[in-house]
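K.L.:
next one to model:
(3 chains)
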Amino acid sequence: MNNNSPFRIFVKKFTARKTSVAALIYILFLLMLVLSGEVLAPYGAHEFDYQSLLQLPSARHLFGTDEFGRDILSRVMVGARLSLTVSLSAVTFAALSGTVLGLLSGYFGGLPDRIMMRICDVMFSFPDIILAIAIVAILGPGLENVLIAVAIFGIPSFARIMRGSMLSLKQNLYVEAARSIGVKNSSIIFKHIFPGAFSSLIVNYTMRIGTAILSAASLSFLGMGAKPTDAEWGAMLSTGRDYIGRAPHVAFFPGLAILLTVLAFNLLGDGLRDALDPKIK
Amino acid sequence: MANTAEKILEIKDLKIEFVSKDSSLTAVNGVSFHINKGEILGLVGESGCGKTVTSLAIMRLFKDTNGKITQGGVYFKDQNITTVSDREMAVMRGEEIAMIFQEPLTSLNPVMRIGDQICEVIRKHTQKTRSEAMEIAKAMLMQVGIPRAAQVLQDYPHQLSGGMNQRVMIAMAMSLNPQLLIADEPTTALDVTIQAQILDLMRRINRDHGMSMLLITHDLGVVAEMCQRVIVMYAGRIVEQADVVDLFKSPKHPYSKGLIHSVPVIGRRADRLESIPGNVPMLAKMPEGCKFAPRCKYKMDRCEKEEPGLFMVDGGRQERSCRCWLMEEAVI
Amino acid sequence: MGRYLIKRLLETIPLLIVVSFVVFLFIRLIPGDPARLVAGVDATIEEVELLREYMGLNKPILIQYVDYIKGILTGDLGTSLKTGDAVANMLLPRYKPTILLAFSSMGWALIIGLTIGIFSAVFRGRWPDYIGMLVAVIGISLPSFWTGLMLMQLFSVNLRWLPTGGLETWKSFIMPSITLGAGIMAMIARFSRSEMIETLRNDYIRTARAKGLNEFEVITRHALRNSMVQVMTVIGLQFGFLLGGSVVVESVFSLPGLGRLLIDSINFRDYTVIQAELMIFSFQFIMINLIVDVLYGVMNPKIRYD
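P.N.:
As a prediction, the model looks like this:
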């Protein structure tokens, strides 16, 4: 009886996929890196060293140095903190607001619901990046504004999902009410609807972190996000661009960091989705 | 009376397993039967007894499932078709053996016109041109009693009713004049009145074209109306085989008895509906000994330990057998 | 079908209007003073005021909006605050690189994406599936600017096969379209795989096999046709991704397209151009989605004939 609890089944399915487990380990490692601050970095992120400008990877500087002699490995590690904090905060905000908006909209229906859906439609009329760029254009450049922009354009997808769950919940409630006394409504919500909605919420959350990291980095690359001197991955690529040809490692490593991190979150999202799907295995 | 000398299809000791990474489940175990030329053989049983799996095995339609024939053989006109190549099997499908399924609407491609779907099978097996094939398709539609055949050729499945779609399926199955038609619950998804029409059609085809049929169903009424002989399956095994009249008049196997007696008869008063207690065993948890024993009124000690063989039973209009220890004594 | 078309059109028109109003408001929210920008730093306050009056910036918002819409309908998108040129004239030459980039990217993204998706579905669970899906998940994780730069490093610098940027020959489009197409290819691969798997589960596939068709025929004649109807809808969304991605890719490869113009105009606070650009991006996206919906209606007989 204990052996088949939903949690156990979930863990078993999840660990069956090696890629998901590897992704999870990588993410935990990143989190650990972020939480330990700059302690683990071999050099300071802003530590200039005019003796060793633009050096290729070596034993002293595993990822090489940039145009100011700064150690790229250290900067990439610090960049992890920036990218993860920005994207996690933005997506969490989007998830919370989107969920609340979606649930309320689905519950009340009527005019507020239709207005909300129109607003989502309008937001969906713009490709993601364009929307983010537009928001940053109003608010001005800077990483905080990038966070706000990414948070805002993430809201509609969560709102849609939770609204959908609330609508099917309302349908079920009518059926239940017709049959039973109608007292246990709240337990119906938590026992039946939340699991289904919860899994799509979690999967969407994970996937959107990947999107957020890419968007934030793109904005920084375009000069609208972090300052070029910040140790942010996108910004590092923006300066690294000038050194393509002479010192490709300057752009290579931050970009690789972005790729691996987004890949990890996407693999994690895929693994979660398949492990939570009752139809599989 | 069917010509008992010639067998169009013979299944010998068929075993079908579903193989997955860590386990294998036996869906059908040691099934043997034959169909005589021109005969309609009924295959009866509850859902999950293996009747559909057996029918799919005949044409080896197991792709996309984990099903495998692990033992035994299927012989069509004395040729072992279990071992022929995929290409040879494909040639036989539609041309020598045809199959129709339970849900006619979903069994037809929703984005292809009816005419094109019928032409497809004609042109796959013959050298006819498109217009020739269309003519044949039209003729087939008319034969199965579809009015406005020319119009229907241009229609899409969702524009027709369930009954019409099943007629289309039958027309398509017949278009190459196959010798054997396998019909898997062809009327289960249809209204009672339409059911009657489809069954009429099938009977007519059997009579006029001499087409042998394997009719799979769980509905005893259909069996009574259509079949000359019946096979009853339970838990992947044949439990009784008999002439249809014999089966209804005096079923020998406890399961058959339960089935026959659970159908209410109009005109006869009954206080309660009889039913067979218990459930069909799961493939993964088959009981030892006779598979029906847990639910059987007449079970003996022996039944729970040893699985009975299929014993021949005397005194039937045709060959008769039953898988029950009670029958062992009956055999002389 | 007619009813479906009309319904879609009726839904689209208000959306276009609302979006145009939203864009219009947006621009007004960007900090800064257009009149000051045009007049220059040295102009006096009175001169700036005169200019503001002349530019119509003192009129009530709604009147400005109406004027603007009138302008759009007659082809007048205002004048650039930076160069003074008519915006419409600025935009026109920029269309070509963006469209060429869009089509070339979508072109090979479709071909490779569909192929991977179909093979992965047909060989589900076996190694072509694992490899295909691994390639796809990497594809959606790639930062386009990094891919672009790395390609540049390899093909322009090291191998000297392709130009680094600009618009000289057709070769200038190879790397940009690969960069932009990668993410789209990956999404198409993933989606077409799941659609194909769903389609192959249907009963009519079993019927097709029962008719004696070989696997290839079953897949091409039956499964494909049905999956493609669904994949169509995803392709429309991908065009949105394409439009957004072009901004970055055009920057990386210095292609003088619409995307790059957006960035430039934001940096210069050229409000009229920004406004026009945002309108174009959103309108294009909306129209593409409309076209995809119509195509879907055509391909799905249930809608076509009701």
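
K.L.:
where does the chain dip in pLDDT?
P.N.:
I'll assume chain A. For chain A, the stretches with pLDDT under 70 are A:1-4, A:172-196, A:279-281.

K.L.:
looking at chain C here, not the other one
P.N.:
Looking at chain C by pLDDT under 70, you get C:37-38, C:165-166, C:303-306.

K.L.:
now the residue at minimal distance from the centre of it: closest residue in space, sequence neighbours ignored.
P.N.:
For chain C, the residue nearest the mean C-alpha position is C:L243 (2.7 Å; CA atoms, centre = their mean). In space, not counting the residues next to it along the chain, C:L243 is nearest to A:P127; the distance is 4.8 Å by CB to CB, 6 or more residues apart in numbering or on different chains. C-beta coordinates here come from the backbone N, C-alpha and C atoms, glycine included.

K.L.:
list the contacts for the one you found?
P.N.:
Shown in contact with A:P127 (CB atoms under 8 Å, 6 or more residues apart in numbering or on different chains): C:240-245, C:281, C:285.

K.L.:
recalculate using a threshold of 6 Å.
P.N.:
C:240, C:243-244 (CB atoms under 6 Å, 6 or more residues apart in numbering or on different chains).

K.L.:
which one of those residues is nearest to chain A?
P.N.:
Using CB to the nearest CB, C:G244 comes nearest to chain A of these, at 3.2 Å.

K.L.:
ok, the closest one to C:Y95 distance?
P.N.:
Going from C:G244 to C:Y95 by CB to CB, to the nearest Å gives 17 Å.

K.L.:
number of residues surrounding A:F93?
P.N.:
Applying other CB atoms under 10 Å in any protein chain shown, we find 17 residues neighbouring A:F93.

K.L.:
so what's it up against?
P.N.:
Here A:F93 is in contact with A:A151 (criterion: CB under 6 Å, 6+ apart).

K.L.:
8 Å instead?
P.N.:
The contact partners of A:F93, taken as CB under 8 Å, 6+ apart, are A:151, A:154.

K.L.:
out of C:G244 and C:Y95, which sits in the more crowded spot?
P.N.:
A count of neighbours by other CB under 10 Å puts C:G244 above the other of C:G244 and C:Y95, at 24 against 12.

K.L.:
with secondary structure added, can I get the contacts of A:P127 in CSV?
P.N.:
Below are the contacts of A:P127 laid out as CSV (DSSP: H, G, I helix; E, B strand; the rest coil):
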residue, secondary structure
C:G240, helix
C:L243, helix
C:G244, helix
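
K.L.:
looking at those residues, spot the one nearest B:Q197.
P.N.:
C:G240 (51.9 Å; CB to CB).

K.L.:
next, the residue nearest to that closest one when sequence neighbours are not counted: phi, psi?
P.N.:
Nearest non-adjacent residue to C:G240, counting by CB to CB, 6+ apart: A:P127, 4.3 Å away. Main-chain dihedrals, A:P127, degrees, to the nearest 10: phi -60, psi 150.

K.L.:
please apply the same query to the one 3 residues further on.
P.N.:
Here the main-chain torsion angles of A:I130 (degrees, to the nearest 10) amount to phi -60, psi -40.

K.L.:
could I have the CA atoms of the longest helix belonging to chain B written out in CSV?
P.N.:
Secondary structure of chain B per DSSP state H: the longest helix is helix B:192-209. Presented in CSV, the C-alpha positions along helix B:192-209 are these (Å, rounded to 0.1, in the frame of the first residue of the first chain):
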residue,chain,number,x,y,z
VAL,B,192,-30.6,-1.6,-32.4
THR,B,193,-32.5,-1.0,-35.6
ILE,B,194,-29.3,-0.3,-37.5
GLN,B,195,-27.8,-3.3,-36.0
ALA,B,196,-30.4,-5.5,-37.5
GLN,B,197,-29.8,-4.0,-40.9
ILE,B,198,-26.1,-4.5,-40.8
LEU,B,199,-26.5,-8.0,-39.6
ASP,B,200,-28.9,-8.6,-42.5
LEU,B,201,-26.4,-7.3,-44.9
MET,B,202,-23.7,-9.5,-43.5
ARG,B,203,-25.9,-12.6,-43.7
ARG,B,204,-26.8,-11.7,-47.3
ILE,B,205,-23.1,-11.4,-48.2
ASN,B,206,-22.3,-14.7,-46.6
ARG,B,207,-25.1,-16.4,-48.5
ASP,B,208,-24.7,-14.8,-51.9
HIS,B,209,-20.9,-14.7,-52.0
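
K.L.:
now it, how far from the chain's geometric center?
P.N.:
Remark: helix B:192-209 is offset 16 Å from the chain centroid, using CA atoms, centre = their mean, to the nearest Å.

K.L.:
just to revisit the earlier point, need the contact list for the residue nearest to the centre of chain C.
P.N.:
Here C:L243 is in contact with A:127, A:130, C:102, C:259, C:281, C:284-285 (CB under 8 Å, 6+ apart).

K.L.:
shaky segments in chain B?
P.N.:
For chain B, the ranges with pLDDT under 70 are B:1-5, B:265-273, B:329-332.

K.L.:
so for it, the centremost residue is which one?
P.N.:
Closest-to-mean residue, chain B, CA atoms, centre = their mean: B:I216 / 2.7 Å.
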